[in-house]
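Peer 1: Fold the following and give me the result.
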Amino acid sequence: MDNARTGSMAGRVAVVPGGTGSVGEGIVRAFLSAGADVVVPSRSQAKLDELSELIGPELAERLHGVTGAYGTFAEAEQLAETVKERFGRIDHVVPAVGGWWMGQTLWQTSEDAWQRFFLDVTTAHTAVARAFVPRLEAEGSYSMISGFSAQKPYAGAGIVSMSGAALLMMREVLSAELQGQRRVNDLILGPVITRTRPGGQPDWLTADQVGEAAVLVAANPAVADEHLVLDTVANLDRLRKRNQ
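Peer 2: Next up, the predicted model:
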């Protein structure tokens, strides 16, 4: 079995926009545990410092925080260029950008909520994709994180469902345009147990298990151009078997 299929990421560079978030933290930890150097961009140095403390000194030796934004095309382009120049390569990108919101019907939705949870989120994802996908190594991968509401309408959270659905189509468009030149997938999550939300059902994934799934997808060259539903531990087990 080759080194990639075992999940080893030694010598690889992974970029995790949104890595300071509750789910992103698990993704960062998983790539570090697999041996990768992990780059996490954030506007907030305080959040990067907090992430480093949560990760712990041993793994944090390969954690590289970059102070900077990626919410616009220009910002994401500058970030990608900085990462490429500093590390010489970009192997895997896992944007964990966005979050959950609910509380208004579509006809009650405020312009501020629309801006924050639809326009800002989809613009950031598009900006990151257009900046990083052309810079990926030939064997690299791009794995988008989305939520179950992208495929199932959720009353009171319509703009989150809409932005998620747009991102799933963005992945399909990327796959159609790349035509196998790079691997692009999306991971569709259910509710996730995190450090900030420790309660949940027994079959829900934890943030660290989401991270494990992201590493498995990145490590397996046979996983390409797929919608991967990861809303239960059983689905994660099926993904594990694909890497055996």
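Peer 1: In a strand, Tyr142, correct?
Peer 2: Yes. Counting by DSSP: H, G, I helix; E, B strand; the rest coil, Tyr142 is found in a strand.
Peer 1: give the contact list for Tyr154.
Peer 2: Residues in contact with Tyr154 (C-beta atoms under 8 Å, 6 or more residues apart in numbering) are Met102, Val160, Ser161. Every C-beta, even on glycine, is put in place using the N, C-alpha and C of the backbone.
Peer 1: Out of those, which end up buried?
Peer 2: Val160, Ser161 (16 or more other C-beta atoms under 10 Å).
Peer 1: Which ones among the contacts of Tyr154 lie within strands?
Peer 2: Nothing among those maps onto strands, per DSSP state E.
Peer 1: Could I get the contacts of Tyr154 in a markdown table, plus columns for distance to Thr109 and pLDDT?
Peer 2: Below are the contacts of Tyr154 laid out as a markdown table (distance: C-beta to C-beta, whole Å; pLDDT from 0 to 100):
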| residue | distance to Thr109 | pLDDT |
| --- | --- | --- |
| Met102 | 11 | 91 |
| Val160 | 11 | 95 |
| Ser161 | 12 | 95 |
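Peer 1: Pick out whichever of the contacts of Tyr154 sits closest to Ala14.
Peer 2: If you rank the contacts of Tyr154 by distance to Ala14 using C-beta to C-beta, Val160 comes first, at 25.9 Å.
Peer 1: surely the closest one meets Leu106?
Peer 2: No. Counting by C-beta atoms under 8 Å, Val160 does not reach Leu106; the two are 11.3 Å apart.
Peer 1: and Lys241, how many neighbours does it have?
Peer 2: The number of residues packed near Lys241 is 8, by other C-beta atoms under 10 Å.
Peer 1: is it fair to say it lies in a strand?
Peer 2: No. Judged by three-state DSSP, Lys241 forms no part of a strand; its state is helix.
Peer 1: which stretches of this structure have low pLDDT?
Peer 2: For the chain, residues meeting the criterion pLDDT under 70 lie at 1-7.
Peer 1: Which parts of it are strands?
Peer 2: All strands of the chain, identified by DSSP E, fall at 13-15, 37-42, 63-67, 92-93, 141-147, 183-189, 192-193, 205-206, 227-230.
Peer 1: can you redo those strands as a markdown table with mean neighbour count and distance to Ala155?
Peer 2: Putting the strands of the chain into a markdown table (neighbours: other C-beta atoms under 10 Å; distance: least, C-beta to C-beta, whole Å) gives the following:
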| stretch | mean neighbour count | distance to Ala155 |
| --- | --- | --- |
| strand 13-15 | 28 | 35 |
| strand 37-42 | 24 | 33 |
| strand 63-67 | 17 | 38 |
| strand 92-93 | 27 | 33 |
| strand 141-147 | 25 | 15 |
| strand 183-189 | 23 | 19 |
| strand 192-193 | 22 | 21 |
| strand 205-206 | 22 | 24 |
| strand 227-230 | 19 | 21 |
